[in-house]
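**Q** my questions are about this predicted structure, shown below with the sequence.
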Amino acid sequence: MRKLFGKIHLWLSIPVGIILSIICFSGAALVFEKEITLACNPHLYKVSVPEGNAAVLPPSQLIARIKEQTADSLRLTSLQYSGKADEAATVTFKNAGRKSLSVNPYTGKVNGWIEGNTFFQTMRKLHRWLLNPPPQKGSSSVGKMIVGISTLLMVVILFSGLVIWWPRTRKALNNRLKVSCRKGWRRFWYDSHVALGFYSTLFLLVMALTGLTWSFGWYRSFAYGLFGGNTSRQVQTHVTSLLPSENDTRKNGGKKPTDYTAWNKAIQEVQTKYTSYTSLRIEEKKIQVIQGQQLRRTDTLKFNPKNGEITETTTYAEVPRAQKLRSWFYAFHTGSWGGIYTKILYFLAAFIGGVLPLSGYYLWLKKKKRATR
């Protein structure tokens with residue numbers, strides 16, 4: 001049995017080893033993306049808190065000051081306040097791509113645009129699609145397919161590696177849990193492959209099994225169904241009575257201008273109801289209350305855009321399980337579920353996962369070279 005799994009482990013690793021190294025190394029680079037981005041651009045994320053516990057500006061005043069500093073062509077879609085006093089507010093615009101604007105919530109001064117870092121964007125494309133992204137979200141590409149198949153094979157490789165590693169005696173167990181640094185390079189790489197591979201296997205399996213939900217629809221349906229989630233589209237209901245009628249829109253020659261004073265009242269109601277939160281994101285007819293740093297929980301409150309009155313509340317407990325599972329899988333895939341400590345463990349495991357195929361190639365070539373003598 002061990003010999004069979006040894007062959008499976010070897011002959012699956014040889015063709016996909018380099019690809020797995022690329023996936024793991026790029027994944028390790030992404031683990032601390034948020035922390036590195038914040039450290040490189042602190043002025044976009046942090047603000048000075050005025051003395052005397054001054055309150056942040058209400059939406060109508062803050063947006064008015066933002067408009068004084070931005071182009072008239074920009075159409076505001078959302079405003080997000082942080083739950084921390086020293087963090088900046090962020091604004092998104094319909095025609096600004098994926099960029100968001102950092103703003104001082106106390107003064108309305110624009111700090112600058114928050115854009116994706118080129119290095120991390122490249123690492124993400126490499127990690128998910130081998131630099132061959134699909135033409136549109138949800139569609140397929142050659143790179144996406146190769147990453148998905150390689151990750152599937154990685155699961156088999158890891159399981160077969162565990163079978164090969166499993167010791168028969170206590171002495172063998174002690175040897176397979178240590179890395180010797182005094183018996184030559186070959187022994188060092190062998191011990192590293194065996195011992196470090198064992199220590200990182202659980203984390204690599206979690207990363208692989210959760211990551212596959214972004215590669216294959218059939219796997220996503222299976223994984224979500226396993227945890228009681230239904231991936232079929234949910235029928236969403238809308239409060240049509242709050243929407244402006246077609247006749248009202250036509251009379252004004254198009255869409256009615258947003259009344260941001262209604263946002264003031266809506267925000268006040270929400271802040272009265274929620275004494276603590278991670279952030280508040282307000283859009284034209286709804287407010288999202290985000291709670292929790294690692295496994296985030298979001299309550300959604302709809303409000304009347306005419307007077308700011310809260311009309312409907314959907315708590316996190318009422319959110320469809322499939323929607324929750326997506327955020328859970330993401331947290332367990334990236335290591336963010338446990339904060340900085342799990343991120344460190346995930347980084348080390350992903351880095352080791354990138355080294356394992358390379359050390360495996362080294363050992364295989366050494367063995368072949370010895371056999372030809």
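**A** It's in. Numbering: from 1, shown residues only.
**Q** in the stretch 151-300 of the chain, which spans are helices?
**A** Along the stretch 151-300 of the chain, the stretches classed as helices by DSSP state H, counting those that start in this stretch are 170-175, 185-191, 197-211, 217-226, 246-251, 260-273.
**Q** of all those helices, which one is nearest R326?
**A** helix 217-226 (8.2 Å; Cβ to Cβ). For glycine as for every other residue, the C-beta is placed from the backbone atoms N, C-alpha and C.
**Q** what comes up buried for that closest one?
**A** For helix 217-226, a neighbour-count test (16 or more other Cβ atoms under 10 Å) marks 219-221, 223-224 as buried.
**Q** can I get that helix in PDB, CA atoms only?
**A** Below are the C-alpha coordinates for helix 217-226, written out as PDB (Å, rounded to 0.1, in the frame of the first residue of the first chain):
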ATOM      1  CA  GLY A 217     -19.000  25.500  -9.800                       C
ATOM      2  CA  TRP A 218     -19.700  21.800  -9.200                       C
ATOM      3  CA  TYR A 219     -17.300  21.700  -6.300                       C
ATOM      4  CA  ARG A 220     -18.700  24.900  -4.800                       C
ATOM      5  CA  SER A 221     -22.200  23.500  -4.900                       C
ATOM      6  CA  PHE A 222     -21.000  20.300  -3.200                       C
ATOM      7  CA  ALA A 223     -19.000  22.100  -0.500                       C
ATOM      8  CA  TYR A 224     -21.800  24.600   0.300                       C
ATOM      9  CA  GLY A 225     -24.300  21.800   0.300                       C
ATOM     10  CA  LEU A 226     -22.100  19.800   2.700                       C
END
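**Q** that helix vs helix 197-211, what angle?
**A** Helix 217-226 runs at 100 degrees relative to helix 197-211, counting by axes from the mean of the first three to the mean of the last three Cα atoms, to 10 degrees.
**Q** tell me which helix or strand of the protein sits lowest on mean pLDDT?
**A** Lowest on mean pLDDT, DSSP states H and E among the helices and strands of the chain sits helix 246-251, with a mean of 43.
**Q** winner for burial among the helices of the stretch 151-300 of the chain?
**A** Most buried of the helices of the stretch 151-300 of the chain, by mean neighbour count (mean count of other Cβ atoms under 10 Å): helix 197-211, with a mean of 19.
**Q** what packs against it?
**A** Applying 3 or more Cβ pairs under 8 Å, 6 or more residues apart in numbering; DSSP states H and E, we find helix 197-211 packed against helix 142-165, helix 321-334, helix 340-371.
**Q** so for L38, which of these sits nearest?
**A** L38 sits nearest to helix 340-371 of all the helices and strands packed on helix 197-211, at 12.7 Å, using Cβ to Cβ.
**Q** list the buried residues of the closest one.
**A** Of the residues in helix 340-371, those buried by neighbour count under the rule 16+ other Cβ under 10 Å are 342-343, 345-363.
**Q** output the helices and strands packed on helix 197-211 in a markdown table, with mean pLDDT appended to each entry.
**A** Shown next, in a markdown table, are these (pLDDT from 0 to 100):
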| stretch | mean pLDDT |
| --- | --- |
| helix 142-165 | 97 |
| helix 321-334 | 94 |
| helix 340-371 | 95 |
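**Q** in TSV: those helices, plus distance to G17.
**A** Shown next, in TSV, are the helices and strands packed on helix 197-211 (distance: least, Cβ to Cβ, whole Å):
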stretch	distance to G17
helix 142-165	9
helix 321-334	21
helix 340-371	3
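**Q** for L57, which of these is the nearest?
**A** For L57, the closest of the helices and strands packed on helix 197-211 is helix 321-334, at 30.4 Å, according to Cβ to Cβ.
**Q** and the angle for that closest one with helix 197-211?
**A** 150 degrees.
**Q** what angle do helix 321-334 and helix 340-371 make?
**A** Using the same axes, to 10 degrees: helix 321-334 against helix 340-371 is 60 degrees.
**Q** chain center to helix 321-334: distance?
**A** Taking the mean of its C-alpha atoms, helix 321-334 sits 9 Å from the chain's own mean (Cα atoms, centre = their mean, to the nearest Å).
**Q** stretch 148-158 too?
**A** With Cα atoms, centre = their mean as the basis, stretch 148-158 stands 21 Å off its chain's centre.
**Q** follow-up on the earlier one: ok, which of the helices and strands packed on helix 197-211 comes nearest F303?
**A** Comparing these under Cβ to Cβ, the one sitting nearest is helix 321-334, at 21.3 Å.
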